[in-house]
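Participant: Need coordinates for the following:
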Amino acid sequence: MRKIYVDFKEIEIKDIKIFDERRIGKYERMVKFMEARIAAVGCIRHPIEVMEYNGEYKIYAGLATYLAAKNLGYNKIPCLIRDAKIEVVLRRKMNRILLGEDISEEFLFNNFLDSIQN
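Facilitator: Residues are numbered from 1 along each chain as shown. Here you go, the predicted structure:
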């Protein structure tokens with residue numbers, strides 16, 4: 001499944017939330033590695049992936065990079081913003097096709113419109 005990005009921008013670290021705070025402990029060693037890598041290079045080379053969810057940005061990928069940047073005192077971090085709604089619709093379409101269900105173009109179009117409007 002392809003990822004669908006709607007924007008790329010630097011977002012304030014304070015405006016980014018973590019889906020599940022319990023995951024932080026699992027990334028401790030990776031965060032130390034990322035801190036050293038960011039410090040050696042002098043910048044964050046790869047953006048993290050976030051989804052806009054109820055008006056907030058939530059981390060989808062790049063938790064270790066986010067935590068390392070936060071520990072190093074960065075105020076902003078480069079982010080790729082993913083479109084969760086369109087990805088869900090496409091995933092559902094793919095599942096229906098794989099299951100052999102009959103899907104009309106009208107159904108797909110209406111489902112797509114519903115996902116964008118909500």
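Participant: and stretch 78-97, which residues are buried?
Facilitator: Residues of stretch 78-97 classed as buried by neighbour count (16 or more other Cβ atoms under 10 Å): 78-85, 87, 89-90, 93. In short, each C-beta sits where N, CA and C put it, glycine included.
Participant: Figure out how far that stretch is from the centre of its chain.
Facilitator: Centre-to-centre, stretch 78-97 and its host chain are 11 Å apart (Cα atoms, centre = their mean, to the nearest Å).
Participant: low-confidence ranges in this protein?
Facilitator: Within the chain, the ranges that satisfy pLDDT under 70 run 1-2, 87, 97-98, 100-118.
Participant: what about Arg45, which SS state?
Facilitator: The three-state label given to Arg45 by DSSP: H, G, I helix; E, B strand; the rest coil is coil.
Participant: All the helices of the protein, in order from the start?
Facilitator: With helices called from DSSP state H, the chain shows them at 28-41, 63-71, 84-98, 105-117.
Participant: relative orientation of the second one and helix 28-41 in degrees?
Facilitator: Put plainly, it is helix 63-71. 60 degrees (axes from the mean of the first three to the mean of the last three Cα atoms, to 10 degrees).
Participant: which other helices and strands contact helix 63-71?
Facilitator: In this structure, helix 63-71 packs against helix 28-41, strand 48-53, strand 76-82, with contacts taken as 3 or more Cβ pairs under 8 Å, 6 or more residues apart in numbering; DSSP states H and E.
Participant: what about these, which gets the closest to Ile4?
Facilitator: When these are compared for distance to Ile4 using Cβ to Cβ, the nearest one is strand 76-82, at 6.4 Å.
Participant: So what are the sheet partners of that closest one and their directions?
Facilitator: Strands adjacent to strand 76-82 in the sheet, as given by DSSP bridges, are strand 5-12 (antiparallel), strand 48-53 (parallel).
Participant: Quick one: those strands as TSV, columns for distance to Arg23 and mean neighbour count too.
Facilitator: Below are these laid out as TSV (distance: least, Cβ to Cβ, whole Å; neighbours: other Cβ atoms under 10 Å):
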stretch	distance to Arg23	mean neighbour count
strand 5-12	19	12
strand 48-53	14	18
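Participant: Tell me the bridge partners for Lys9.
Facilitator: Taking DSSP bridges as the rule, Lys9 bridges to Cys79.
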